[in-house]
Structure formats: structure tokens, C-alpha cells
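Colleague: Starting from these lines, generate the structure:
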Amino acid sequence: MNRATPRLRALAALPFVLALAAHLLVLALFRDRLPDPLATHFDGGGRADGFTSPAAFTVISTALLLGFGAGWTLLVRRSALWGAWATAGFTGTLLVLLVRDNLDAPDPAGVSSPLVNLTVAAAVGGLFAAAGLALTRLVPPEDADPAVDPDGPRLPLGASEVAGWTRATGSRPLTVLAALALVAAPAVLLLAPWPGALLGLLGLVIGVPGLALARIRVTVDRRGLTVRPALGSRPRIRVPLDEVAGADVRDVSAVADFGGWGYRVRAHRTGVVLRSGEALVVRRSGGREFAVTVPDARTGAALLNTLAARHGKV
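Modeller: Okay, the predicted model is just below:
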């Protein structure tokens, strides 16, 4: 699968370094003109309704830019370099404008943040995006993903023999995270003030599918490839035999190749990724790939190729 080159990672990190440097320089130059605490959160009308000390604001804003930068540097692709630059430009501009709005404020409660700040930040983000797009030409095109071997593994079966293969696999970290999200969701919904209660809904959105995919069963049989929760029949993903153009085994990196764990959607491929390592990869007749990380993937791929050949596809 594609890997980001060192040059691409450096170009993805650069805008966040520039944004952080500009932000910290503004804080250092104007620290004597800033109130304590700073107005750092505003309601729909732009009036201050949340406050943070200058020291805490510096730590939080720095961590925000570093976090965004680390994420983009780790997961960036050549075609998305502009997105890293747009994110850095938009976020850095909002932070600098927030400092400007607090300058010489006698009372932080009287600070306001006009909605035009979002327009200015979006404009700067657009300029950064254009710069990132222009810098894309400095990065060589990514190599195409290795194709599924048309002569991939086969499992010898007689004309009248019937066979099936199934394996269960799971992710303990995903199970723990999903369970924590589900436990925390009701408490947040009931106890947190609005709009913080919306985080409870986020917990449900993360927890329910996360728990469903934390342990899965992968099956190859006369119906094709089926991936479903180990403790239920739904939701399930099925690649029927008439859509199988070939199957093979490939080592994948959950983060570098798919951007994380769970059900993942990337350009030209989807996958159920519970860990890094061995994956059963199916090339579908439409050209897209589907991958699932599972032990003994070679046996599953071999049987799938054999059944698809018998079905007249491979």
C-alpha cells in the first residue's frame, strides 16, 4: 500500500510549524496587553462566555496545533497535502484573531469575537490550501497499490467437493474504547450542560458500531466473503463470488494504510481493520479493493480464489 515519503511528511508538518511560530510570537509580543483570564469561548452572538488563563491558553493552543500537525503528518497523502495547509492556516488564524480580540480588554467578559473572524480565517485557509496544492508538485507521485496477484493462492478442491472457511478475530483496545464510550454516553447526556451534552451522542455514535466491530467473524463459502459481528448477524459486509476478481494476502498498517481502526473507507478501497498485519485482500470486479485483517488469511484467500474460479470469475 502507499506510504507517505519523508518529503511529503515534512511538507505536511511545515504549515503547522509556521502557524505555531506565528501564534507563539504574537503571544510573546503582546503578553503585557492581555487580560487574565482571556476570553476564549463565545456564544452565537460573539459574546464571551468562557475564560482561560494565559498560561493554560498557551498550552492548549499549542497542543491543538501540534495535535493537528501530528495527525496530518502521519496520515497525509500526496493528493491531500492541500488539506494539511488549509487546516493549519484556518486554525492558526483563528488563534491569532482570538489574541487580537483580547488586546487591552479591561474586562474579559466584555470581549467579543465578530463572525467576520471566521471569514478571515477561511480566506487565509484558502490561501494556505493553494500553497499546499502548489507544493504537491515537489512530491513524486505515489506508487500504485500492489495489485492482487491474478495467480494468487488456490485451494485444491474436487469438482463435487464443498468447503468453507471461517475465523473469528477481535481487537481488545477497540472493545475497551467502545465500552467506555457507551458507559460514558448516558452520564454525559444526563449531567452535562447544553451543548456539552452533545458529546454523549458522540459517545453513542462511536460506541455502538465500535462494539459491533470489536470482534468479527470472517467467512468464505459458496456465498463469497462475509464479514459480520462475532455475536450477531448484522451489520454485515458481503463480497459475492460473482464480484471477486481475485484474492490475496497482504501486510497492512492500520494507521498508514487506512487511517485507523474499524470500518475504514479510503480512495479505491475499503476495509475492516482491527490491527496491523496480515489481511485478506479482495479485488472486486469494479476495481475497488476490500481488506479484512484476520489470522490465516492465506487459507481464506486460497479458498475464495478456488470458489470464484469454479463460479467462473477467476
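
Colleague: Give the burial count for Asn117, as a bare number.
Modeller: Here the neighbour count serves as a burial measure; for Asn117 (other Cβ atoms under 10 Å) it reads 18. (C-beta placed from N, C-alpha, C; glycine too.)

Colleague: Please determine how far it is located from Val183.
Modeller: Taken as Cβ to Cβ, to the nearest Å, the spacing of Asn117 relative to Val183 amounts to 38 Å.

Colleague: same check, this time on Leu115
Modeller: Using Cβ to Cβ, one obtains 38 Å as the distance from Leu115 to Val183.

Colleague: same question, Thr40
Modeller: Between Thr40 and Val183 the distance, using Cβ to Cβ, works out to 30 Å.

Colleague: With Leu241 instead?
Modeller: In this structure, Leu241 and Val183 are separated by 41 Å, where distance is defined by Cβ to Cβ.

Colleague: Counting neighbours around each, name which of these two comes out higher.
Modeller: The residue with the greater number of neighbours, taking Leu241 and Val183 and applying other Cβ under 10 Å, is Leu241; the counts read 20 against 11.

Colleague: give me every residue that touches Ala297.
Modeller: Ala297 makes contacts with 249, 278-280, as judged by Cβ atoms under 8 Å, 6 or more residues apart in numbering.

Colleague: Can you check the pLDDT for it?
Modeller: At Ala297 the predicted local distance difference test score is 92.

Colleague: same thing with the one 3 residues further on?
Modeller: Turning to Gly300, the model gives it a pLDDT of 91.

Colleague: and what of Trp261?
Modeller: Turning to Trp261, the model gives it a pLDDT of 78.

Colleague: And for His268?
Modeller: At His268 the predicted local confidence, pLDDT, stands at 78.

Colleague: for Met1, same thing?
Modeller: pLDDT for Met1: 47.

Colleague: any idea which element Trp85 lies in?
Modeller: Using DSSP states H and E, Trp85 falls within helix 81-102.

Colleague: Report the buried residues of that helix.
Modeller: For helix 81-102, the buried set under the neighbour-count rule, 16 or more other Cβ atoms under 10 Å, comprises 81-99, 101-102.

Colleague: how near is Val292 to Leu25?
Modeller: Using Cβ to Cβ, we find Val292 at a distance of 48 Å from Leu25.

Colleague: just Thr52 next, same as before
Modeller: The separation that Thr52 has from Leu25, given Cβ to Cβ, amounts to 19 Å.

Colleague: Which one's more surrounded, those two?
Modeller: Each of Thr52 and Leu25 had its neighbours counted (other Cβ under 10 Å), and the higher figure belongs to Thr52 (18 against 11).

Colleague: from memory that one sits against Thr40, does it?
Modeller: Yes. Taking Cβ atoms under 8 Å as the definition, Thr52 is a contact partner of Thr40 at 4.4 Å.

Colleague: Pop the domain breakdown of this structure in here.
Modeller: Split into domains by automatic domain parsing, the chain comes to 6-138, 165-171+214-311.

Colleague: winner for burial among those?
Modeller: Looking across the domains of the chain with neighbours counted as mean count of other Cβ atoms under 10 Å, the highest average goes to domain 165-171+214-311: a mean of 19.

Colleague: re the thing from before, tell me the one of the contacts of Ala297 nearest Leu14?
Modeller: Distance from Leu14 was checked for each of those by Cβ to Cβ. The minimum falls on Ala279, at 32.7 Å.
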